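J.: Quick one, what's the 3D model for this:
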Amino acid sequence: MNYLSSHHQKLFRIAIQKKDRKNYALLSALYLFTADPRLWRIMRHQVDGNLIRFDRRKLCGLNEYTYPLYCAAKDLYMGTRHLTIRDLADRELISPKQFAAICNAMAIRRFGLKAVEPAEKKEECEP
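T.: Numbering: from 1, shown residues only. Purely as a prediction, here's the structure:
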């Protein structure tokens, strides 16, 4: 499964309704925001159509779990460099669950939603 939970999948599906499916940067950020319900409660009001307004609100209420997800979302969306490879490799900073979510978001940023959608069954061709 490419979602952290069924709740994550549900939140993500709701978040991407009426969004530009070709805006992979937006989709990757929304994937990370919805990975944690607390982060989504904070950031959902910063999503304005197909834009994310990172400058609209001062961050408060983020913890050691939500802050790396926020930084990764901002990096993928804006091209900033808040997280480094060293950060991603540090198990004390990034948990395996966070790492998996960030890797999935990077795949969305590069390949779009097909990175997290189940592959369609291909019919076998007869020889």
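J.: switch to C-alpha atoms for all contacts and neighbour counts from now on
T.: Will do.
J.: List phi and psi for Leu62.
T.: Dihedral pair for Leu62: phi -80, psi 140, per degrees, to the nearest 10.
J.: Quick one: neighbours of the nearest residue to it once chain neighbours are set aside, just the number.
T.: Nearest-residue entry for Leu62: Leu39, 7.1 Å, with adjacent residues in sequence omitted and distances by CA to CA, 6 or more residues apart in numbering. Using other CA atoms under 10 Å, Leu39 has 20 neighbouring residues.
J.: tell me the contacts of Leu39?
T.: Taking CA atoms under 8 Å, 6 or more residues apart in numbering, we find Leu39 in contact with Phe33, Leu62, Thr66, Tyr70.
J.: swap the cut-off to 10 Å and go again
T.: By CA atoms under 10 Å, 6 or more residues apart in numbering, the contact set of Leu39 is Leu32, Phe33, Gly61, Leu62, Asn63, Tyr65, Thr66, Tyr67, Leu69, Tyr70.
J.: Which strands and helices lie in contact with the helix or strand hosting the last one?
T.: Okay, so that is Tyr70. Per DSSP states H and E, Tyr70 falls inside helix 66-78. Applying 3 or more CA pairs under 10 Å, 6 or more residues apart in numbering; DSSP states H and E, we find helix 66-78 packed against helix 24-33, helix 37-43, strand 51-52, helix 85-89, helix 96-111.
J.: just the ones you listed: most buried one?
T.: When these are scored by mean count of other CA atoms under 10 Å, the highest mean neighbour count falls to helix 24-33 (a mean of 26).
J.: Tell me which other helices or strands that one touches.
T.: Applying 3+ CA pairs under 10 Å, 6+ apart, we find helix 24-33 packed against helix 6-15, helix 37-43, strand 51-52, helix 66-78, helix 96-111.
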